[in-house]
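> Below are the sequence and a predicted model; questions follow.
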Amino acid sequence: DPTTNTTATQPLTVMGAQTTNNTEAFLGAPTKNETDATLRDPTTNTTATQPFTVASARTKNNKTDAILEAQTINETDAYTIIMATFRRDNCLRVAIQHYLKCNMRELRIKWQDFNRSVPAWLRQVQSEHLGRLVIDVADADYLSSRFKVERVPTSAVFPVDDDVRHPCFYLRDGFRIWQRTPSQIVGFAPRRVVAGGGCYRLPSVWRNIYYPIINTMWVTKGAFLHRDYLKVYFSQDYAHLRNLVDGNLTGEDMLMSFIVALANPPGQRWPVTLLSRKSPDDKKCSTLALGNAGMAKRCNLLDYFFYVLGFPMEFTPFSEIYTYDKSRSIFVPLSDKLRMKWVLHGQSPIEPV
């Protein structure tokens with residue numbers, strides 16, 4: 001492990017040299033030695049059998065109640081949107097107008113254009129929405145600054161890019177679902193990550209509804225998570241990995257997914273997934289294309305994260321995948337919706353594996 005200058009008890013591989021043990025870990029059946037050796041909490045130097053917590057008061061058996069115990073109603077009955085922006089003012093204008101319609105506590109604009117002053121039009125909009133629209137200017141020019149937000153008024157935060165717009169009723173239901181599992185990610189951008197050079201892919205849930213194919217979530221595309229994770233991201237123990245993210249100008253979403261997974265005990269490390277058939281990306285605003293070189297850079301970073309942090313990801317259970325039911329105007333478990341479809345067509349429901 002290059003961060004501690006120690007030798008792992010089980011060999012770890014990077015950049016395509018996947019071993020049989022790594023394959024077993026990806027398929028959900030890691031050996032005991034792998035679990036003890038690789039799923040290590042870098043902030044406490046303990047293994048995954050003793051996971052670190054999101055909040056200091058959290059107990060092992062009742063994560064939800066302990067997290068919410070010391071929080072006021074004002075902190076738990078709403079959420080804060082944290083929107084990162086960089087030289088896409090037209091996108092930002094539209095996004096602000098959209099999200100101000102949602103029932104959130106604050107819309108925090110993370111101004112990451114360190115070399116440019118906040119424009120007058122944005123200050124004007126802020127003055128018209130005092131108390132709801134807050135502008136945070138980055139203290140330096142680095143990518144990770146999008147997560148550096150002080151005095152967040154709510155327990156739930158919703159990071160999102162300025163070119164991604166989710167309907168307000170999606171956020172309403174997503175927040176309610178997150179309140180049941182506040183230590184996990186609840187979001188709209190599921191991914192399947194593969195160790196040993198496999199990188200990641202966008203899973204086709206609708207074509208593979210009977211198989212576990214989701215094991216992580218990119219929060220920058222819109223996801224609810226606990227505000228304490230913002231502090232963990234900037235802990236000294238992750239400084240080396242943050243420097244890699246900032247130096248390569250990519251990967252902050254991947255690093256955050258590792259942090260959240262490691263904060264939860266085994267068996268609860270999967271992301272709660274909200275499916276949307278319509279892409280939330282504004283194609284007119286999305287000007288930053290990865291390209292082959294950019295994707296290769298992200299894949300290399302991802303493999304290095306596996307090398308340092310192990311493979312903490314777990315597949316999302318079928319019962320924790322939600323889809324929007326237009327007839328009821330709410331998100332419902334995908335299993336319930338499919339079961340109803342089978343009944344309507346006179347078929348016997350078959351439980352997914």
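Yep, it's here.
> Is residue 136 in a helix, a strand, or coil?
strand (DSSP: H, G, I helix; E, B strand; the rest coil).
> partners of it in the sheet?
residue 110 (DSSP bridges).
> wait, it sits on residue 111?
Yes - contact criterion C-beta atoms under 8 Å: residue 136 and residue 111 qualify, at 6.6 Å. All C-beta atoms are positioned from the backbone trio N, CA, C, and that covers glycine.
> For the longest helix along the chain, which residues meet the burial criterion?
Secondary structure of the chain read by DSSP state H shows that its longest helix is helix 291-309. Buried residues in helix 291-309, defined by neighbour count with 16 or more other C-beta atoms under 10 Å: 297-309.
> for stretch 86-106, same thing?
In stretch 86-106, the ones that count as buried by 16+ other C-beta under 10 Å are 86, 88, 91-92, 94-96, 99-100, 102, 104-106.
> Next step: the residues you listed restricted to helices.
91-92, 94-96, 99.
> Can you tell me which of those lies closest to residue 285?
Residue 285 lies nearest to residue 91 out of those, by C-beta to C-beta, at 3.6 Å.
> State the distance from the closest one to residue 161.
Computed as C-beta to C-beta, to the nearest Å, the residue 91 to residue 161 distance reads 9 Å.
> What of residue 230?
16 Å.
> Please say which of the two ends up with more neighbours.
residue 161 (25 against 20; other C-beta atoms under 10 Å).
> Give me the distance between the residue lying closest to that one once chain neighbours are set aside and residue 137.
Excluding its sequence neighbours, the residue lying closest to residue 161 (C-beta to C-beta, 6 or more residues apart in numbering) is residue 220, at 5.5 Å. If you measure residue 220 against residue 137 using C-beta to C-beta, the figure is 19 Å.
> So between the two, which is more surrounded?
Using other C-beta under 10 Å as the criterion, residue 220 and residue 137 rank with residue 220 on top: 20 against 14.
> Distance of that one relative to residue 157?
In terms of C-beta to C-beta, residue 220 sits 12 Å off from residue 157.
> again, but for residue 168
In terms of C-beta to C-beta, residue 168 sits 17 Å off from residue 157.
> And residue 217, by the same measure?
For residue 217, the distance to residue 157 - C-beta to C-beta - is 14 Å.
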